[in-house]
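> I would like to see how this sequence folds:
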Amino acid sequence: MVAVFGGMMAALVVLAITLGLAVGSARFGWDLDNVTAPLVSASGDFVTLPALLIATTFIQRGRLTEILAAGVVAVAIVAGLVLVRSGYALCKRIAFESLPVLVAAGSMSLVAGLLLERSISQFLNYTVLLVMLPGFLSAAGALGGILSSRLATKVHLGFIERAMIPEGEARDDIKIAFILALPIFGYVSVTAAVVGSWFGKTSPGALDLLLVSVTGGFAVDGVRCDDRLLRHSARRPFRSRSRQPWDPPGLGEPRRDRRRPLWSRR
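As a prediction, the model looks like this:
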């Protein structure tokens, strides 16, 4: 119940923000690869925790909780049957491509939660780490989303050939991701240290916090780069007007090269 209602509330807010960013990108010429991914990631982290707290009000309500849970299960089953029996091929494709990825991502997040729970004593000793954690996760997700969007766009349009070892523009994008990681994670650690000192949170020290943030950020950035390369190296370059067997928007953030309209490319 908490996960369903919390996720639904957060999804509605993030959906509105995503649509607003898409409209703003089309109107003002923003690059979706560089704008949408970090802002959507940050807004998701900002909205999800309050939504989960609000959703906890639905638990332990006796009969009401059971009725709501049964209703959620029934709606999910009906929606799945309607989708399977419908004639909307695009909706089916989006669902069948996105569901496995979302399930895998959710499973990895649960594993991360278990590891965090096992190390909770260290976070309680230095409570400033709990202050830094949401910003750290948001920054890591934003960098990964930017890299994924840029690689997916270039692979889909044929600007990058598939290869296990990055070359050319793919290598440049990876360098940019690592260069951005240093100031971003440094800013996260400094901000957490300042906010933590204001509210009296225990801290290992600003320099130690900076070292933890930057080192962890580079490690996460490296893992995300390897994941993106393995994913995109399996796709063939774009050579016709037909879409790929695996649609990049179904596996990452929505993407589009804003430098020139697609129809103006030669």
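
> First-to-last residue distance for stretch 51-64?
End-to-end span of stretch 51-64 (CA to CA, to the nearest Å): 19 Å.

> quick one: buried residues of stretch 157-168?
For stretch 157-168, burial by neighbour count (16 or more other CB atoms under 10 Å) applies to 157, 159, 160, 166. C-betas here are computed from N, CA, C, even on glycine.

> Name the nearest of those relative to residue 128.
Nearest to residue 128 among the buried residues of stretch 157-168 is residue 166, at 36.1 Å by CB to CB.

> Dump the buried residues of stretch 157-168 to JSON lines, plus pLDDT, distance to residue 127 and secondary structure.
Converted to JSON lines, the buried residues of stretch 157-168 look like this (pLDDT from 0 to 100; distance: CB to CB, whole Å; DSSP: H, G, I helix; E, B strand; the rest coil):
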{"residue": "157", "pLDDT": "80", "distance to residue 127": "47", "secondary structure": "helix"}
{"residue": "159", "pLDDT": "81", "distance to residue 127": "46", "secondary structure": "coil"}
{"residue": "160", "pLDDT": "79", "distance to residue 127": "44", "secondary structure": "coil"}
{"residue": "166", "pLDDT": "72", "distance to residue 127": "40", "secondary structure": "coil"}
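
> which stretches of this structure form helices?
2-28, 32-55, 63-85, 89-118, 120-125, 128-157, 169-198, 206-233, 248-251 (DSSP state H).

> which of those sits most buried?
Comparing the helices of the chain by mean neighbour count (mean count of other CB atoms under 10 Å), helix 128-157 ranks first with a mean of 22.

> Point out the other helices and strands that that one packs with.
helix 32-55, helix 120-125, helix 169-198, helix 206-233, helix 248-251 (3 or more CB pairs under 8 Å, 6 or more residues apart in numbering; DSSP states H and E).

> does residue 203 really touch residue 125, like I thought?
No. If you go by CB atoms under 8 Å, residue 203 and residue 125 don't touch, sitting 10.2 Å apart.

> isn't residue 37 right up against residue 150?
No. Between residue 37 and residue 150 there is no contact under CB under 8 Å: 9.2 Å.

> Need the overlap of contacts for those two.
Counting by CB atoms under 8 Å, 6 or more residues apart in numbering, residue 37 and residue 150 have no contacts in common.

> Quick one: end-to-end distance for stretch 84-94.
End-to-end for stretch 84-94, by CA to CA: 12 Å.

> how about a markdown table for the buried residues of stretch 157-168, with distance to residue 191 added?
Rendered in a markdown table, the data for those read as follows (distance: CB to CB, whole Å):
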| residue | distance to residue 191 |
| --- | --- |
| 157 | 37 |
| 159 | 36 |
| 160 | 35 |
| 166 | 32 |
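
> And those residues, which is closest to residue 140?
Of the buried residues of stretch 157-168, the one sitting nearest to residue 140 (CB to CB) turns out to be residue 166, at 19.8 Å.
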